[in-house]
Every structure is written in structure tokens, then in C-alpha cells.
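J.: Fold the following, please.
(2 chains)
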Number of protein chains: 2
Amino acid sequence: MLVIGERINATRKSMGEAITKKDSDFIRQEAVKQLEAGADILDVNCGMSVKDESSNMEWLVNTVQDAADTSLVIDSPNPAVIESGLKLCRKKAIVNSITGEKERIEKIMPLVEKYNADVIALTMDEKGMPNTSEERYNIAEKIADSIKKYKVPLDRVYFDLLVRPISTEPNQANEFLGAVSLVKKNLKAKTVCGLSNISFGLPNRKLINATFLTMSFYAGLDAAIIDPTDKNMMLTIRSSEALLARDEYCLKYITAFREGK
Amino acid sequence: MLVIGERINATRKSMGEAITKKDSDFIRQEAVKQLEAGADILDVNCGMSVKDESSNMEWLVNTVQDAADTSLVIDSPNPAVIESGLKLCRKKAIVNSITGEKERIEKIMPLVEKYNADVIALTMDEKGMPNTSEERYNIAEKIADSIKKYKVPLDRVYFDLLVRPISTEPNQANEFLGAVSLVKKNLKAKTVCGLSNISFGLPNRKLINATFLTMSFYAGLDAAIIDPTDKNMMLTIRSSEALLARDEYCLKYITAFREGK
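T.: Okay, the predicted model is just below:
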């Protein structure tokens, strides 16, 4: 399971303020804290409402890379901002994200190709958000077809199959899990998700999120965008890896337990 | 998920003593505690080393039924002891257990038929314990074939697919989960397991057990033999049910959370 740390995101209030004030200590601490907690790679999102988005992204990428030797997920819908980040990345990056929308694919995929990055593709398009497993899969297939002309093989694409709350639509976990299975069975691509939407409106959200991650992992999920400082979540990931024989001698699990992660 | 409470078992020291001393208050408390914690049905096992096993089973069944209006799982390898329990059951019972062994099938299945019970079938036979998914499934298929002559349809059979520790054999969770999928796909039978073996030899066993139960539930597990007073385990079951749309409006989950289960 590729753990993508989600905390460096301008939509979080304290993070938005740190970016505005160029508080590099705060950013550095967030980077180190997430990696120590078990993140494999860090998402960086400098927000969309700020007028200096490209220069903010440059500052953010440099600040995080100065703090830690880590790969980054460059998170923006704006091609210019994405390139501002990508051109500074010292390691292979992931672009977050394209969608099924033609214009977004045509502006962003050349950058993914140019900078030899991986890419996250949200399975939504001009018609909006999918509801069923099949609708999610059909958009993934359409995206896979649209990006054939770029030198980015499908095993460098992470389809984000869009988690929606079960509190309002009870079958949404099943639809998501079914979509993961369909993608893993039919496309040689990877799958990713942000988890926390699943539990919107319910009590004890961390438990629902962790239980859902376990099911998703078993269904074939390759990567998750999470808060790695959530100890219960990280231990759930480590125990899932141990159970599915992806952690030799359960060493990562035992280490995480000893370190109190 | 059918939650089978495992606590009334003579192999637990305090329980063995209570049975020997005929401490009915202790037994009653254990029964009520498990049902209040969320058990759907209670396993009763009066041990094998005691010379008065049949009379102990009679006492145990009556004591538990006097304490609570519950169905029972009559747990013994001994046909005479099983009948001692079955004949006193006021509600539909489950017999725990037959195996693939011919003699055990021929002595116990007539009782299952006579008392209109369900039955747990361990997927092991004269040759010992299975290792792979396929070995487990093959024994299940053989048992399904052997019991055709009794008036006990397959939807009243719970195959116990034998959980073994991942600490010594890392692929055992995968083998178990694969066997659950095979049984659910090919036989119109139910599946059950005792969980705790999976985490033998590892730290924080409750977390591994709960994570494994979540995966098993998603793979199709129908019933689990657990300690329902383990709050984390019960909340994991309730959150799994909510996620898989088997808990309308997440009501059981929300109630369990409010009651601190």
C-alpha cells in the first residue's frame, strides 16, 4: 500500500495560513512528521484561491524537499501550477490530477509525459460524478483510451474511484469496492482513493475509515491518500499488509507496533 | 454477520471451574453479558476431560436458557454429549461440529437431522489440516457430498475454513480468504470461523483479529465465533455491516457507538 500523506494541503486552515505567511518551519515539521509516521510520499496542495498559486507551489515544493528526501504528489487542477511544481521535483512525482474531461487531459498529460511522472485520474467527467461501479469503470476505461497517445503506460496511472458517503447513499462502499475490482481485473492500472468521504455524517469516523481501507486493500487498492499521523489508520494498514503476506515476517507491523504508530 | 459468543467454554480456566462447581450465577452472567454486547447466539462447550460431560452439558444448556432467551451452539466432538444438549434446546440450535471424517459424520448428522439443527463442518479430515484454499474447498465439497443423504440442506451448513497463524505461515490469511470465496461461489452453504488463531505469536492481536474479520466479511464470511465483549471487535463488525449496506441507515452501528460497544 502506497501511503500518500495528505496534510500539506491549503484547504486545512493552519496550513493555508502557513503557506500565506511562508512559515517554512511549520511546513518542514508537517513533512517530517508524516514521513516518520509512515507516509511513503507527500501530497502538496497550495490552494486555488490564492493569487500567487504558481509561486506558492514552487516555494512549497522546495521547502518540503529541503526538509526531507521524499517524492511528491503535485496536487492542483491548474496545468501551470502543476508544471511549476514538477520542474522542481528532485524525484519521480505523481500529478494529482486529471479527470475524464478532454481539456484537462490535453493540458496536463503532456506535462506528465515531459516530466516522466505518474498520474492520478479521477473517474469523473463532463457529465459529473459516477454512481455505480460500472459508471466508475466506464470512465476509467474512457480515460485509459484517451491517454494512449502519451508515453505514459497504464501502470503509471492511479485511478481514483471517488469515495462517496454511505450515510446518504448506503451502497456507495459496495459500488466503490466493485469498481476497484473491475479496474484491477480489466486494466493494468493502479487504484487510489481519499478515504474520509466514506464516513461523512457518521460518528466515530476514524473507525469507519479504517474498516473501509481494510476492505479496499483486500479488493485491490494500491494507494491511499490519508493522514498518516492517525495511528489507528497506520496500524490498520500495517496489519492489512501483514495479513495479505505483503510484509515479510510481519516486520513492518511489529516495528509499527513497537514504535507506537 | 452472525455473532457467535465464545466465552462459555470449559477450556477457559474460570469457566471450567464454574462448570465443575455448578456455579450457575457465573454462567448466567456470562450469557447475559455476551448477549448485551451483541452476540446473536451462544456457544456452549463443557470440556472433554470431565467425566460427567453429558450431565454437564445438560446443566449448562438449562442454566444458559434460564438466564436468557437465546439460541445455542452445542459444542462437542462427542455425539452423546451433543444429543444431551440438543434434546434440551428450546430454540433452533447449531451443532459444532462435524469434520470430513466419515465416522463423525455418520454419528452426528442423524442428530442434526433429528433435532432440525444447523451444523458447523470443520474442513479437515483423516489426512489432517488443509494448507491451501483449494485443499480447504475440496474437503468442503467432499463433506457436502457425504451429507446429501441427510435431510439437512447446504444452507444449514456452516463450513469452518480453519484459520491458521500468519506468523509461521504468511500466506494463511490469503488461503483462508480464498477458501471463503470458493465456498460462497460454488456451494450454497454458509461460512464461519474462529478468528483468534490468525494472530498467534504477534503483538496487538486484537487489531489483527479485527482487520482479518473485516477482510473475511468482505470475502463472504457469514458467521464468526468471537468474544463479543471485545468492544473493538464488535464495533469493527458493526462498521463492516454499515459499509456493506447490511445495516439500514447505519442504525446498528450508531446504536453500538452510542452504547459504547
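
J.: check contacts around the nearest residue to A:G201 once chain neighbours are set aside.
T.: Spatially, and ignoring its direct neighbours in sequence, A:G201 is nearest to A:S167 (3.6 Å; Cβ to Cβ, 6 or more residues apart in numbering or on different chains). Just so you know, the C-beta spots here come from the backbone N, C-alpha and C atoms, and that holds for glycine as well. Listed by Cβ atoms under 8 Å, 6 or more residues apart in numbering or on different chains, the contact set of A:S167 reads A:S199, A:F200, A:G201, A:L202, B:C250.

J.: All the helices of chain A, in order from the start?
T.: A:13-20, A:24-37, A:53-67, A:79-86, A:102-114, A:133-146, A:172-186, A:205-219, A:231-243, A:251-258 (DSSP state H).

J.: Pull the distance from stretch A:60-79 to the chain's centre.
T.: 13 Å (Cα atoms, centre = their mean, to the nearest Å).

J.: Then stretch A:120-139?
T.: 17 Å.

J.: again with stretch A:188-197
T.: So, by Cα atoms, centre = their mean, the centroid of stretch A:188-197 is 7 Å from its chain's centroid.

J.: Endpoint to endpoint, it covers what distance?
T.: Distance between the two ends of stretch A:188-197: 26 Å, counting by Cα to Cα, to the nearest Å.

J.: buried set for it?
T.: A:A189, A:K190, A:T191, A:V192, A:C193, A:G194, A:L195, A:S196, A:N197 (16 or more other Cβ atoms under 10 Å in any protein chain shown).

J.: pLDDT weak spots in the stretch 151-261 of chain A?
T.: Low-confidence segments of the stretch 151-261 of chain A (pLDDT under 70): A:261.

J.: returning to that earlier point: write the ChimeraX selection for whichever of the contacts of A:S167 are buried.
T.: Restricted to buried positions by 16+ other Cβ under 10 Å, the ChimeraX selection for the contacts of A:S167 reads:
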select /A:199,202 /B:250
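
J.: Can you pick out the most distant pair from the contacts of A:S167?
T.: A:F200 and B:C250 (11.6 Å; Cβ to Cβ).

J.: which phi and psi does the residue nearest to A:G201 have?
T.: The phi/psi pair for A:S167 (degrees, to the nearest 10) reads phi -70, psi -30.

J.: returning to what we had before: would you tell me which one of the buried residues of stretch A:188-197 comes nearest to B:E259?
T.: A:S196 (24.6 Å).

J.: which residue sits closest to that closest one, ignoring its sequence neighbours?
T.: Once flanking residues are discounted, A:S196 sits nearest to A:N209: 5.8 Å by Cβ to Cβ, 6+ apart.

J.: Hmm, the one you found is touching A:S199, no?
T.: Yes. Counting by Cβ atoms under 8 Å, A:N209 sits close enough to A:S199 to count as a contact (5.4 Å).

J.: what's around the residue nearest to A:A210 when sequence neighbours are not counted, how many residues?
T.: Using Cβ to Cβ, 6+ apart and skipping the chain neighbours, the partner closest in space to A:A210 is A:T236 (4.1 Å). Residues lying near A:T236 (other Cβ atoms under 10 Å in any protein chain shown) number 26.

J.: I'd say A:T236 and B:N204 touch.
T.: No. Using Cβ under 8 Å, A:T236 makes no contact with B:N204, being 11.0 Å away.

J.: which residues are there in the stretch 151-261 of chain A that come within reach of chain B?
T.: Residues of the stretch 151-261 of chain A lying close to chain B by Cβ under 8 Å from any Cβ of the partner chain are A:166-167, A:170-171, A:173-174, A:177, A:198, A:202-204, A:207-208, A:211-212, A:214-215, A:218-219, A:235-236, A:239-240, A:242-245, A:248-250, A:253-254, A:257-258.

J.: So which of the helices of chain A is nearest B:M57?
T.: helix A:231-243 (35.7 Å).

J.: Grab the most central residue of chain A for me.
T.: In chain A, the residue lying closest to the centroid (Cα atoms, centre = their mean) is A:I225, at 3.9 Å.

J.: can I assume it is in contact with A:I4?
T.: Yes. In terms of Cβ under 8 Å, A:I225 counts as a neighbour of A:I4; the distance is 4.5 Å.

J.: Find the closest residue to chain B in the stretch 1-150 of chain A.
T.: Here the stretch 1-150 of chain A gets closest to chain B at one residue, A:M1, 12.5 Å apart by Cβ to the nearest Cβ.

J.: Compute the distance between that residue and B:I27, please.
T.: In this view, A:M1 and B:I27 are 44 Å apart by Cβ to Cβ, to the nearest Å.

J.: higher neighbour count, these two?
T.: B:I27 (23 against 20).

J.: So for that one, what's the nearest residue that isn't a sequence neighbour?
T.: B:T63 (4.8 Å).
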